Each structure stands twice: as C-alpha cells, then as structure tokens.
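# next come a sequence and a model predicted from it.
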Amino acid sequence: MSRNMLLEIGVEELPSSYVPRAITDIKNMAGNKLAETRLQYSDLKVYGTPRRLTLVITNLAERQKDAVIANKGPKKAIAFDSEGNPGKPGLGFARGQGVDFTDLEIREIDGIEYVFAIKKEEGIATSDLLPGILVDIINSLGFPKSMRWGYYHTRFARPVRWLLALYGDEKIEISLENVKSSVYTYGHRFLSSGPLEIKDSQSYFQVLKDNYVILDQDERKQMLREQIDKVATLAGGKPAEDEALLDEITYLVEYPTAFYGEFSPSYLDVPPEVLTTTMIEHQRYFPVFDDQNKLLPGFIGVRNGTDFSLNVVKAGNERVLKARLEDALFFWNEDTKKPLDTMVDKLKNVLFHERLGNLMEKVERLHETALFIGKESGLSDKVKLSRATYLCKADLVSNMVYEFTELQGVIGRYYAIESGEEKEVCEAIYEHYLPRFAGDNLPATETGIVLSLADKIDNLVGCFAIGIRPTGSQDPYALRRQAMGIVNIILDTSLQIDLKSVLTVAYDNFAGIKLDNERDSTVIEVLDFIFQRMRGILLEKGISYDVFDAVLAKPSGDLQDIVSRIDAVRQFKADDKFEDFMVVFNRANNLSKKWLKDDINPKLLSDASEIKLYESFIEIKGEVKRAVELREYLQALDIIAGLRTQLDNFFSAVMVMVDDEALKATRLGLLKSITSLSNPIADFSKLVQ
Amino acid sequence: MNFQEIILKLQNYWGRQGCIILQPYDIEKGAGTMNPATFLKALGPEPWNVAYVEPSRRPTDGRYGENPNRLQHYYQYQVILKPSPDNVIDLYINSLKELGLDMDKHDIRLVEDNWESPTLGAWGLGWEVWLDGMEITQFTYFQQCGGFDCFPVCAEITYGLERIAMYIQDKESVFDIEWVNGVSYADVHHQGEVDYSHYNFEIADIEMLTTMFNMCEKEALQAVGRHLPQPAYDYVLKCSHCFNLLDARGAISVTERTSYMGRVRHLARVVAVEYLEQRKRLEYPLLKDEQLRKSILTDEEVAR
C-alpha cells in the first residue's frame, strides 16, 4: 500500500545559483531520512524554479517497515549475581526495557558478554512520520547566505510564503512559524492569480503548466536551448555557447520565451569582449555570431512569460543595452584619447594589498623579477620586458576596467595596440594574467611567458611572506590557481629555470615593505606549495604517485628537471634492465640504508668479487655523474644496472656484517656508494613494485 | 505621466498603505538609506512604516550634464515597512500598476542583489527589480544596521525615480524627462549638474573639507557623549558627505580611504548604540501593541 507524496516550498525569488544546490541537498536529505526511517518508495525527484522547491516521492509505503531492535544492557557478569541468578542490575534493565528477564539474550562484544533486550518494533504509519521528516528537511537546508524577515525567526535564502504538502490526497499538517501547509499552490507571478487547489501529485504538474510554470528544470532548460537556437537561426547567426548562462537563466524564469533584440552596428567598434561582457554578465543576454565568428549587432534575451506584447519587452531591453553600450563607447573614447603609458602614473593611487604596497610598487618589483627570469631563461629581451612590465597594470586605472573589472589585460592589450606599442608588448599585457581559470590558454609570447611567471611569483611570495596561505576551501587570492599556472607554463614551454633563485629574487624585491616571514622559510614554503600543485597536475596526467614522490625526494627548483627525471624513471620501469637495477639498488640499500658513511678503504678489500665490484664501481662512477650532469638519466640508470653480476657475485662470496669493524665499514661504504649513484635522480626505495 | 505625477502617485499609494509620508531630510546624503528615518528607525523593536522622496548626492557620479544616464544629484523614492509584511512584494507590484505599468505587457524580474554599506555597518539581502531588463528598484530585507542585527526585519524599497520616468515617458536622456507640462528635468537640474561637477571635481577646497571632516567627527562624538543620538547623526552625515567630496576631488589615497571609512563606520556604530539606548529609556513609544511592548521590555529586563 503506497501513495505519492508532494512537498512544495513556496518562496520569494531565490538567487539563481542557490537553486541547483538546494535541489541536490533536498534529494540527499530526503533519501537519507527515508532510509533511516525505513520507509520504502519507488522514486524520488526534486524540482526547482525561482519561486518553488518541490519534492515528489512516488509510491511511498504507508507504513514503516517493522524492525527488530537490540538494546545493550549491563555486562553478563553484573546482570547475574555470583550464583548465576538474576542480579539487581539485570532485573532493573529488563524492567526498564519492558521485557522479562528470562527473555534477555547474551551477546558478545569485543570478547565481553552483555545482556541484550531484543524488541520487535512495529512500523509507524507514514502519515504520522511525514510531518517530522519534512520540517526537518526544510530546517536543515543551508544556503551561502540566509536571512530572516518580518517578525519571524526562521532562516531561509528568501522568505518562505507557502507550503503545499500532500500525501496521496491527504494534507500533511506542517508549519513554519506563520506559514501553515495547505493544499494550494500558486502559478506564475504575473500570468496566474490566486491560490490553485491541488488534488494530488499527478495533477500538480498540469496545474502548474496551465498556470505558466514549467516546473522541471531539465524541461525548462531544453525549452530555452531550443528557443535560443531558433531565434539565432532566424537572425542568421548562432548563439554564444555558454552553458553557465543557460543554467543561470533556467533558474531565473518559470516560463521562458526567448526573443531577438538589436543594437546599432556603430557599437561594434568597441572591443567584442566589452560587448559580450555587457550582454552576458550585466544583462544575461546571449550574444550572436555570424559564420566568421564575428558579433552580430543583436542579442537574445529571455522573458519570464509568454510572447504576449513581446515587442514592448524587446524594445525595453534594447534601450537598456543601448544605454550600457553608450557608456562603454564613452569609456573607450575617453580612455583612448591619451596613450596607455599616461595612465601608469595613477597606479601609485591604487592599492595592491594593504600590506604589500600600491600597484606602482608592484610594477617596480615585477620589473626586477621579470628581468631576472628573462636573463636566466634566455626568453624575450630587456627592452620588451621593461616596456611590457611598465604597461601591464596600466589598464586598471582606465574607465573601462573600472566598469568591467573582469576585462583587465584584455582592455590593456587593446589600448596598447591603439597607442602603437610593439606587438609582443601588447600581447604580453594580455597574457600576463593567463591562465585565468582551469583550462584557459597559456601565454604564448616569450615576453608574456616571463611576465606571467613574474606576476604569479610576486603574488605567491608576497602573500606567503605576510602569512596569507590557502586553507581548506578558503583561497581568496586564488593562490592555488596561480601556482598551477606557474607549473603549467613551465611544463608547456619546457622552460629550464631554477625557481628557488627566482623566488629569492622576488622576495628581495619586497625590500622596504614589512614582511612577517623570513626569506628562506618563505622560499621553501612557496616552492613546496608549487610542488604540491605539480603533483596534482602530473597525477591527473597519469603519472603514478610513487614515481613522483621518489623523484621529489630529491627536490629541485627546476621543474623541468623534475619532469625529465620522472620521464626517465617511467621509461626505465618499462625497460628490461629495470629489474637488474632494482636488484642492485635493493640489495645494496637493504644493508646500507642505516649506514651513513660512504668511505671505502680499498686496501682492506681482499676477495676477488669485492675487488671486482669496487673496480666496476670506480669505472662507472664518473660515467654516471657525467650522464646525470647532462640529464641523460636513462643512460645513468642503465649503467648502474650493469653492476648486477658483480653485485650478485659479491653477495654470494662475501659476508658484509663481519666482526672486523674496519672491513665491515668499508664493505658498507661500498654498498652505500652504489646506492648513492642513483640518488640525484630519485629515491628508488619509494617505488612501489 | 510627468515626473511629479509619478511622485504624487507613489505618495498617495504608500499613504494608503498606512505609511507616514515624510519629507526629505535636510542634510546632504548619498542615498535614502542614510536618512535617519531609515538608518535609525530600522534599529530596535518598534514598528515603522514610512515613505519619502530623497534627493541623493553622489559627487563622483557627476558628468557635467553630458551623460544621459548619470547624475551627481538625483531622486530616490524610499519606502520602509517594518516589520516587512507577508505580502510585501504584492504591495510593491501594485505600486507599479499605480504608475500605469501593465504587468502583462512587461517582463518584471527579481534578480538577486545583496546590499551592503560598509560605512553604515549595514547589509541586507534582496533583489534588483528589472523592468524589461532595466533596474528600476532596489528591494532589501535589512539584516544588520550600525553593526546590530535588525529585529523585526524591515523591507526597504528604493525606486530610481528618473529611470522609471524615462521608461514611462520613453525618453533616451534623463534631461528630457518632463517634470510638468513644458518644464523638463534639464530646466530644473541641468545647470546644477554642470556647476556641481566643476565644483566636486575641480574647485572644492580640499583643506577646508579635511578640516570640516575632522570637526564634524569631533562634534558627532561630543553629541553622542551627551546622549543626543539624532544631532550626533547629523554630523555623521556631514562627515560622509565631506568624504564623498574629498573622494571626487581625488584627495583620498588608497590607504586613507580605508581609514576614513573606518572612522565613519565607528561614528555610525556609536550613534546606533546611543539611539537604541534612548528608545529603550523611552520604553519604545512606537510599539502601539501594549502587550508586545510590555513583553519586550520584560524580556530585556530579564536579559540584563
């Protein structure tokens, strides 16, 4: 026996970003609650619009399943007295549980016997359980920001105005302070009026649809997608692909109707990023592109309602966009009256961080750091780097970026082009912010690469030096993203540079600013932070953790070198000689790992096998070292693997741990020296075989 | 519908809803929220329903009368409903109908917008109301004011009068709004926009304003010390306006900005403390529900 259950929480317009999360939360909470309370059902669905969150449970059993409950009592030793008769504590427990003492069972937990009262609990009627469950779900919902209203103490994302709660055709009595459950819902805010009676969950969807509410978010999104494509096609273009915008609009309307609006082609003179930002971020419109991916002078807006008098809505939206584009055009014209470099002077009035000085000081630091990176890496040249650094933050004081902060760098590049700056300098201004998010483009020009590294390193060093570091989900300065940017740029360009010395220079460039942490500890901490990001990135690319950890046991400020060593170890693992090598390493390492000295006194060696091993070692030592210096790591490992025969012979002929202390020391020293050969590449004891 | 008819319609409508129709406050301020009829009355347990036009000044928004959408002096229509009634959105929508806006023909949208005023130690949650994509109203449920939790919570409805007028009259420029027959917004305010833009950006005496800020700050603290929250608050408003003018003059460096804002916030906070104390001493005369008044007073006595 089962019935469908329907709960609708009617609210004032929820923030669009809250709805998808609330849908997931309700779904999880309801699932857990039903499992906990032993209520069976066939399906559970949650829907959300700006004005309602709805939970529908299909075929919800009318009664909780029966259960057998075992309540633990005192230890058997206490429950019975010394003669084995019922003792006071045992009798007391049985009485408390409402069972006969003779019905108590003995069960063992961790080797100790306890008495248990076993009771059969009969299932309770679902209609008695539902009020508690539903109120619990409503009260447990959390939001990024919640509020109170009127005289009430309830907290929710926005005021709750009605509750519709039905089990079959029976009303579930619940209340949230002043709001009492009813059998009524409400339709679209403007296209429907008054309460609408709901008989049961089946009729609910249709009643809403008849009253201009498309409840199911998937259906609404699909409608939107189709409408937008259709409108774009009619206008002779295609809409911007923006899934996030589509999702946002899905939760901004209950009944979508897309329409095409136009603006004067004269605004197409403004950089396209400004136009699309205005349309997407400020107005939630879809920009439309032609076949060549050029913006059309139009947009797709979505109305919350039908196509009745859509012309009025379209005209209104066109006017709003026009005013905004007029502003943008004004900013563009104002900003480009003077060359970009005239803005630089104003940077001293803009704070970078209250403890890390203003933007002019930041630019000065970047200049030093960038020149150092340029010199060390051989990328770009002094003239280009100096110019690009000088201009890279200038757009932050432009009218346009003041209004469109998200376009920093993009606008700087346009203004630099307008000011006749060299092409690579213009690109570098844009590129020094790259990558801005996961999967974003990486800088491509040499100047852009250097400046991007310098900017990120300055941010990391500055923040770590004053104690700002990401914790848990808190990373307000996006330091993780910046560290990942550094790693990705270096891996992408195969750049060879010692980050440790760059970090040191970057720290020294903060001279004159009071920092909390010392240089050495800051450099180590930042480097370690970068290694952690690198680990994540490489593991995602399929590098196994043990290889990474083995290589990082020998850290290096040169990330490219770390990558080379990882590649060598990976390749070598697939090589025939890998087994030989690991035998050499393990046999030598097992005995000598606690031995700290690698001194060898050749005069003490007497057995032919050990003399041979020693000679072979001396012979390859230089070769291995040279190979390592040339970063021919695979070759180095190859050579070491060649010791296998001599080492096997050595172990079959000689006892290492002899009583003669001097001889033992020399033999251990020899083994230690052999294990040390591969140390500059990786700590092979960390490899999982 | 001309500009003053719009105002009159709103006055009549909100008057009918039981609001006191107050007149603008006589000290410069950046927004209707800063009127003591909002900032102070939002505090404490007393109910308060009020509506008024508020001339608002934002010196940095001046454009010498050349921009069709930006003004350094403009009008807000402010409504405070405390506690916020359950049908508050319907009340607001009805006010739009009163202005002749046919809801069937337009797209009205409530888009999340959270309001915060760091200088007033105030924040709230609510929406921007969009009329066919244009923001015409800010709607906020106050959660904190002067650093204190608001309870009961009030709803603040702030209409952008010029924007609504531009829409209703189908004008491209704010200056083309018809105030009454034959008199435009430009006739009334254009020269003021030009003059004040010159004054705010170029002429205002920085040294004088700095001194004035310091004097007003001192006076606010003096008045608070004598348990006179309302006179003290006047000087907080004056401080805030001096700060805005200094800002327009480009006289406030980034480091100073934080410190200036902190000083104003502190003043707002001490005035709020003093105002709450005073209302309690007066035993909340605006609480006309005698039973509720008694119970709140008793609860506060117990809490002490």
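Everything's here; your move. Numbering: from 1, shown residues only, chains lettered A, B, ... in the order given.

# tally of neighbours for B:Val273?
Counted with other C-beta atoms under 10 Å in any protein chain shown, the neighbours of B:Val273 add up to 16. Any C-beta I mention is one placed from the backbone N, CA and C, and that applies to glycine too.

# tell me the contacts of it?
B:Val273 sits next to B:Gly146 when contact means C-beta atoms under 8 Å, 6 or more residues apart in numbering or on different chains.

# can you tell me the closest non-neighbouring residue to whichever residue of the stretch 101-250 of chain B sits closest to chain A?
Nearest residue of the stretch 101-250 of chain B to chain A: B:Asp132, at 2.6 Å (C-beta to the nearest C-beta). Residue nearest to B:Asp132 in three dimensions, not counting chain neighbours: A:Gly316, with 2.6 Å by C-beta to C-beta, 6 or more residues apart in numbering or on different chains.

# just checking, the one you found is part of a helix?
Yes - under DSSP: H, G, I helix; E, B strand; the rest coil, A:Gly316 sits within a helix.

# what's around it, how many residues?
If we define neighbours as other C-beta under 10 Å, then A:Gly316 has 22 of them.

# circling back: and the residue of the stretch 101-250 of chain B closest to chain A, what is it in contact with?
Contacts of B:Asp132 (C-beta under 8 Å, 6+ apart): A:312-313, A:315-317, A:320, B:106-107, B:167.

# in JSON lines, list those along with pLDDT and distance to A:Ala506.
Converted to JSON lines, the contacts of B:Asp132 look like this (pLDDT from 0 to 100; distance: C-beta to C-beta, whole Å):
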{"residue": "A:Val312", "pLDDT": "95", "distance to A:Ala506": "58"}
{"residue": "A:Val313", "pLDDT": "96", "distance to A:Ala506": "54"}
{"residue": "A:Ala315", "pLDDT": "94", "distance to A:Ala506": "55"}
{"residue": "A:Gly316", "pLDDT": "94", "distance to A:Ala506": "52"}
{"residue": "A:Asn317", "pLDDT": "96", "distance to A:Ala506": "48"}
{"residue": "A:Val320", "pLDDT": "92", "distance to A:Ala506": "46"}
{"residue": "B:His106", "pLDDT": "95", "distance to A:Ala506": "56"}
{"residue": "B:Asp107", "pLDDT": "96", "distance to A:Ala506": "52"}
{"residue": "B:Tyr167", "pLDDT": "92", "distance to A:Ala506": "53"}
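
# specify which member of those residues is nearest to B:Val53.
Within the contacts of B:Asp132, the smallest distance to B:Val53 is 18.0 Å, found for B:Tyr167 (C-beta to C-beta).

# what helix or strand does that closest one sit in?
Under the criterion of DSSP states H and E, B:Tyr167 resides in helix B:161-169.

# what about stretch A:331-351, how long is it end to end?
Start-to-end span of stretch A:331-351 (C-alpha to C-alpha, to the nearest Å) is 22 Å.

# which parts of that stretch are buried?
Buried residues in stretch A:331-351, counted by 16 or more other C-beta atoms under 10 Å in any protein chain shown: A:331-332, A:335, A:340, A:343-344, A:347-349, A:351.

# now, these that are in strands?
Counting by DSSP state E, these place A:Leu351 in strands.

# quick one: secondary structure of residue 128?
Since no chain was named, I'll use chain A. At A:Asp128 the chain is in helix, as set by three-state DSSP.

# wrong one, chain B
strand.

# and the gap between it and A:Leu60?
Separation of B:Glu128 from A:Leu60 (C-beta to C-beta, to the nearest Å) stands at 40 Å.

# higher neighbour count, the two?
A count of neighbours by other C-beta under 10 Å puts A:Leu60 above the other of B:Glu128 and A:Leu60, at 22 against 18.

# surely the more buried one is in a strand?
Yes - counting by three-state DSSP, A:Leu60 is found in a strand.

# now do the contacts for it.
A:2-5, A:34, A:39-41, A:126, A:167.

# let's see that with 7 Å instead.
Neighbouring residues of A:Leu60 by C-beta atoms under 7 Å, 6 or more residues apart in numbering or on different chains: A:2-5, A:39, A:41, A:126.

# next: B:Ala51.
Applying C-beta under 7 Å, 6+ apart to B:Ala51 gives the contacts B:11, B:14, B:19, B:21, B:78-79.

# roughly how far apart are it and chain A?
Noted for B:Ala51: a distance of 18 Å to chain A, by C-beta to the nearest C-beta, to the nearest Å.

# how many neighbours does the nearest residue to that residue once chain neighbours are set aside have?
Take B:Ala51 and drop its neighbours on the chain: the residue closest to it by C-beta to C-beta, 6+ apart is B:Trp14, 3.7 Å away. B:Trp14 has 24 neighbouring residues, counting by other C-beta under 10 Å.

# repeat for B:Ile177
B:Ile177: 23 surrounding residues under other C-beta under 10 Å.

# pLDDT score assigned to it?
Confidence at B:Ile177, expressed as pLDDT, is 98.

# residues contacting the closest residue to it other than its chain neighbours?
Spatial nearest neighbour of B:Ile177, chain neighbours left out: B:Tyr185 (4.0 Å); criterion: C-beta to C-beta, 6+ apart. Taking C-beta under 7 Å, 6+ apart, we find B:Tyr185 in contact with B:3, B:174-175, B:177, B:179.

# just the ones of those in helices?
Among those, the members falling in helices (DSSP state H) are B:Phe3.

# in a markdown table: the contacts of B:Tyr185, plus distance to A:Pro131.
Formatted as a markdown table, these follow (distance: C-beta to C-beta, whole Å):
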| residue | distance to A:Pro131 |
| --- | --- |
| B:Phe3 | 54 |
| B:Val174 | 55 |
| B:Phe175 | 60 |
| B:Ile177 | 55 |
| B:Trp179 | 58 |
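
# which residue ranges form the strands in chain B?
Remark: strands assigned in chain B by DSSP E are B:20-21, B:48-57, B:73-82, B:108-117, B:122-131, B:134-145, B:148-149, B:155-160, B:178-180, B:183-184.

# could you dump those strands into JSON lines and include distance to A:Gly409?
Below are those laid out as JSON lines (distance: least, C-beta to C-beta, whole Å):
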{"stretch": "strand B:20-21", "distance to A:Gly409": "51"}
{"stretch": "strand B:48-57", "distance to A:Gly409": "35"}
{"stretch": "strand B:73-82", "distance to A:Gly409": "34"}
{"stretch": "strand B:108-117", "distance to A:Gly409": "27"}
{"stretch": "strand B:122-131", "distance to A:Gly409": "28"}
{"stretch": "strand B:134-145", "distance to A:Gly409": "28"}
{"stretch": "strand B:148-149", "distance to A:Gly409": "41"}
{"stretch": "strand B:155-160", "distance to A:Gly409": "33"}
{"stretch": "strand B:178-180", "distance to A:Gly409": "44"}
{"stretch": "strand B:183-184", "distance to A:Gly409": "43"}
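
# between the ones you listed, which one is closest to A:Pro443.
Checking the strands of chain B against A:Pro443 by C-beta to C-beta gives strand B:108-117 as the closest, at 35.2 Å.

# so who does the spatially closest residue to A:Gly557 that is not a sequence neighbour touch?
Of all residues not flanking A:Gly557 in the chain, A:Lys500 sits nearest, at 3.3 Å (C-beta to C-beta, 6+ apart). Neighbour list for A:Lys500: A:523, A:527, A:557 [criterion: C-beta under 7 Å, 6+ apart].

# of these, which is the nearest to A:Val99?
Comparing the contacts of A:Lys500 against A:Val99 with C-beta to C-beta places A:Leu527 closest, at 66.2 Å.

# the closest one contacts A:Gly557, correct?
Yes - the criterion here is C-beta atoms under 7 Å, and A:Leu527 meets it with A:Gly557 at 6.4 Å.
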